[in-house]
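J.: What shape does this take:
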Amino acid sequence: MIARKSLWAAAAGLTAGAAVLVRRSTARPADPAAADRWLTVTINRGPGDIHPDKLPAPLQEYGDRIETRIRPAPGDRGTELAVRLKDRPSVSAPARLAGQDPRQDLRHALREAKALLEAGEVLRPDAPPTTHDTPGGKLVGLLTRRAGGEGVL
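T.: Next up, the predicted model:
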C-alpha cells in the first residue's frame with residue numbers, strides 16, 4: 001500500500017515537472033541576447049582578494065575562452081565575479097533542456113569557483129544519502145542533478 005502511494009506521488013511529481021518544463025519552453029520566445037549575458041556570483045571576499053590571473057581551477061580550465069569581470073559588489077557586500085563565453089553559442093530550448101548548452105558547464109564552474117574562494121573546498125552531499133532509495137528520493141535526485149546546469153529546479 002505504501003509503495004503504491006509512493007509511485008502515485010512520484011508520477012504526480014513527474015507530471016508537474018513536465019508541465020513546468022513545457023510551460024517554460026513555450027511561455028517565452030528564445031532571447032537572442034541570452035548568449036551575451038554575463039553569469040555573475042557575489043563572493044564574500046574583498047575585491048583585492050580576487051585576481052583575474054589567479055582564478056580557481058574550474059574557471060582556469062576555460063583559459064582564453066571566457067571573459068572575466070571583477071568588481072566590488074553593491075552595498076560593500078563582497079565582490080562580484082562575472083564570466084561569459086567569448087564565442088557566444090546559439091542554443092535552442094530543446095538543446096538546453098537536454099543539457100547541451102555550454103553555458104551550463106560555465107555556470108557550474110562559476111559556482112564551484114565561488115565555493116573554493118569562500119570555503120576553500122566544494123561541498124558535496126554524502127553518497128548514498130540513504131540506504132534505501134525510494135521513488136520520491138530518486139525523483140529528487142534526478143531534479144537535483146538536472147538543476148546543476150541551470151541553477152534552478
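J.: And for K114, the neighbour number?
T.: 20 (other CB atoms under 10 Å). Any C-beta I mention is one placed from the backbone N, CA and C, and that applies to glycine too.
J.: Now do the phi/psi pair for it.
T.: phi -60, psi -50 (degrees, to the nearest 10).
J.: Okay, now the unreliable bits of the protein?
T.: Across the chain, the ranges flagged by pLDDT under 70 are 1-3, 19-36, 91-92, 95-100, 125-131, 145-153.
J.: the helices in it, which residues?
T.: 2-27, 57-60, 93-97, 102-119, 135-150 (DSSP state H).
J.: Hmm, A115 is touching R124, no?
T.: No - A115 is beyond contact range of R124, at 10.0 Å (criterion: CB atoms under 8 Å).
J.: For L116, which residues are in contact?
T.: Applying CB atoms under 8 Å, 6 or more residues apart in numbering, one finds that L116 lies in contact with 56-58, 122.
J.: Check A57 too.
T.: Contacts of A57 were listed using CB under 8 Å, 6+ apart, and they are L116.
J.: The spatially closest residue to P52 that is not a sequence neighbour pairs with what?
T.: The shortest distance from P52 to any non-neighbouring residue, by CB to CB, 6 or more residues apart in numbering, is to T68 (4.9 Å). Under DSSP bridges, the beta-bridge partners of T68 are V83.
J.: Starting from L39, give me the distance back to T68.
T.: 11 Å (CB to CB, to the nearest Å).
J.: what touches both of those two?
T.: 82-83.
J.: need the contact list for the residue nearest to P52.
T.: Here T68 is in contact with 52, 55, 59, 81-83 (CB under 8 Å, 6+ apart).
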